[in-house]
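**Q** Just the structure for this:
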Amino acid sequence: MKSKDLDQDLIDQVNSAIAHKTPLVIVGGNSKTFYGNRVTGEIISTAGHTGITEYQPSELVVTVRSGTLLSELEAELKANKQMLAFEPPQHSEKTTIGGIIACGMSGPRRMATGSARDFILGTTIINGKAEKCRFGGQVMKNVAGYDAARLMVAAQGTLGVLLDISIKVLPIPESSISIKVETELQPAIKSLRQWLRQGLPISASCHYQDNLYLRLSSTPSAVKQSLTVIKNQYSSEQMDESFWSGIKNQTHEFFTGNNDGQQTDLWRFSHNDAAKLLAHSGGAPSDQLFEWHGTLCWTRTGKEQHTLAEQHQGNATRYTLHQAEPKAGNDIFQPLQPGLLKIHQRLKQAFDPDNILNPGRLYTTL
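**A** Have a look, this model is predicted:
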């Protein structure tokens with residue numbers, strides 16, 4: 001089916017949903033049903049909306065349809081020695097770029113290069129009024145109107161059905177090497193901050209069970225010099241860089257383990273000092289994994305984490321990746337403060353006045 005025909009089919013489906021007041025559940029590769037509140041309604045699928053529509057490697061910008069498989073997009077970029085710098089996770093072979101952007105997911109390289117939102121230049125959507133809208137463009141200096149394109153990142157389809165996305169890409173680093181250092185968490189964080197101040201090209205870090213894992217990415221000479229700096233302080237062991245695929249795609253043993261049969265949730269806790277706040281929260285080392293230089297913690301716990309996050313101006317998400325059924329209710333994402341909730345409600349009203357697009361996916365009040 002041609003793209004224009006598929007666009008019209010999706011518009012017709014939204015129009016029908018408006019007429020019948022029928023909620024729509026937006027689906028691409030269906031690899032992120034675990035993430036967010038459950039939505040019931042008629043399926044509207046972008047799975048057939050595939051393909052790279054524009055890509056000039058010299059311009060470092062790619063425009064891609066939302067149903068395109070993440071693996072296919074990354075393979076095309078890799079063939080041109082380029083990459084999605086925010087290193088998104090691939091939860092299954094059916095993961096699409098639209099799902100990644102809709103959920104706003106970034107991987108291990110996020111602290112070195114930026115988040116998914118930082119690389120979005122433009123989007124085309126169908127809003128809840130069945131209007132096809134284009135926001136942004138294909139250059140970084142596009143400043144016409146509000147930056148609505150980036151509103152679509154992490155909105156989980158509540159503001160519109162993503163049709164295509166223009167994304168800034170980056171060259172793959174000339175050299176990359178990964179090492180493992182045996183050290184406890186707090187000394188590891190202290191060393192990381194010192195190395196970053198010294199300008200070491202650390203493109204990823206992870207701490208798990210008293211081991212610090214580092215990836216250095218830059219020119220061969222910069223990587224070599226950085227290794228020397230680290231080895232002056234620690235004994236290190238070089239390791240296979242496939243380790244980062246396990247962290248990025250959440251196939252590492254921490255994510256896939258059965259947690260000794262305990263019925264605990266998987267939480268994603270982010271804060272400038274997440275390592276300091278959670279390192280001594282009572283959880284066993286096997287129940288915690290730290291990324292992003294200690295600012296992101298994955299933790300398995302039966303305790304609610306939103307209150308702790310709010311007390312320290314952090315953010316906690318009940319991730320629930322490995323539960324058979326997502327939790328119902330309004331306790332998946334960090335509760336919004338009243339002022340921020342009003343802004344979200346106004347945006348929802350402007351984009352989707354009849355509340356038919358993924359209603360309640362983020363918060364039951366949206």
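**Q** Export the helix or strand hosting S226 to PDB, keeping only CA atoms.
**A** Using DSSP states H and E, S226 sits in helix 220-231. Taking Å, rounded to 0.1, in the frame of the first residue of the first chain, the C-alpha atoms of helix 220-231 are listed here in PDB:
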ATOM      1  CA  PRO A 220      42.300   5.800  18.700                       C
ATOM      2  CA  SER A 221      44.800   8.200  20.400                       C
ATOM      3  CA  ALA A 222      42.200   9.600  22.800                       C
ATOM      4  CA  VAL A 223      41.000   6.200  23.800                       C
ATOM      5  CA  LYS A 224      44.600   5.000  24.400                       C
ATOM      6  CA  GLN A 225      45.400   8.000  26.600                       C
ATOM      7  CA  SER A 226      42.200   7.500  28.600                       C
ATOM      8  CA  LEU A 227      43.000   3.900  29.200                       C
ATOM      9  CA  THR A 228      46.300   5.000  30.600                       C
ATOM     10  CA  VAL A 229      44.700   7.400  33.000                       C
ATOM     11  CA  ILE A 230      42.200   4.700  34.300                       C
ATOM     12  CA  LYS A 231      45.000   2.100  34.700                       C
END
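**Q** List the buried residues in it.
**A** A222, V223, S226, L227, I230 (16 or more other CB atoms under 10 Å). Yep, even glycine has a C-beta here, placed from its N, CA and C like the rest.
**Q** Could you do stretch 111-125 as well?
**A** So for stretch 111-125, counting by 16+ other CB under 10 Å, buried means 111-113, 115-117, 119-125.
**Q** Please tabulate those residues in a markdown table, including the columns pLDDT.
**A** As requested, those are exported to a markdown table (pLDDT from 0 to 100):
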| residue | pLDDT |
| --- | --- |
| M111 | 95 |
| A112 | 96 |
| T113 | 96 |
| S115 | 97 |
| A116 | 97 |
| R117 | 96 |
| F119 | 97 |
| I120 | 97 |
| L121 | 96 |
| G122 | 96 |
| T123 | 97 |
| T124 | 97 |
| I125 | 97 |
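**Q** can I assume A154 is in contact with S106?
**A** No: checked against CB atoms under 8 Å, the pair A154 and S106 is beyond contact range at 10.0 Å.
**Q** Find residues that contact each of the two.
**A** Taking CB atoms under 8 Å, 6 or more residues apart in numbering as the criterion, A154 and S106 both touch A116.
**Q** For the stretch 201-350 of the chain, give me the ranges with low pLDDT.
**A** Along the stretch 201-350 of the chain, segments meeting pLDDT under 70 span 258-263, 279-286, 320-330.
**Q** Show me where it has its helices.
**A** Assigned by DSSP state H, counting those that start in this stretch, the stretch 201-350 of the chain shows helices spanning 220-231, 243-248, 253-256, 274-278, 306-311, 338-351.
**Q** Run through who's touching the longest one.
**A** So that's helix 338-351. 127-128, 151, 158-160, 336, 355, 357, 362-363, 365-366.
**Q** Just flag the most distant two among those.
**A** N127 and L336 (21.6 Å; CB to CB).
**Q** just to revisit the earlier point, the helix holding S226: how far from the chain's middle?
**A** Helix 220-231 sits 30 Å away from the centroid of its parent chain (CA atoms, centre = their mean, to the nearest Å).
**Q** now do stretch 24-32
**A** Using CA atoms, centre = their mean, the offset of stretch 24-32 from its chain centre is 16 Å.
**Q** quick one: average confidence on that stretch?
**A** In this model, stretch 24-32 has a mean pLDDT of 94.
**Q** which other helices and strands contact the longest helix seen in the chain?
**A** The single longest helix within the chain, with elements called by DSSP state H, is helix 3-20. Contacts defined by 3 or more CB pairs under 8 Å, 6 or more residues apart in numbering; DSSP states H and E place helix 3-20 against strand 24-27, strand 42-45, strand 120-126, strand 161-168.
**Q** count of neighbours near A79?
**A** Counted with other CB atoms under 10 Å, the neighbours of A79 add up to 9.
**Q** so the residue most central in space within the chain, which of the three states?
**A** Nearest residue to the geometric centre of the chain (CA atoms, centre = their mean): M105, 0.6 Å. With DSSP: H, G, I helix; E, B strand; the rest coil as the basis, M105 sits in coil.
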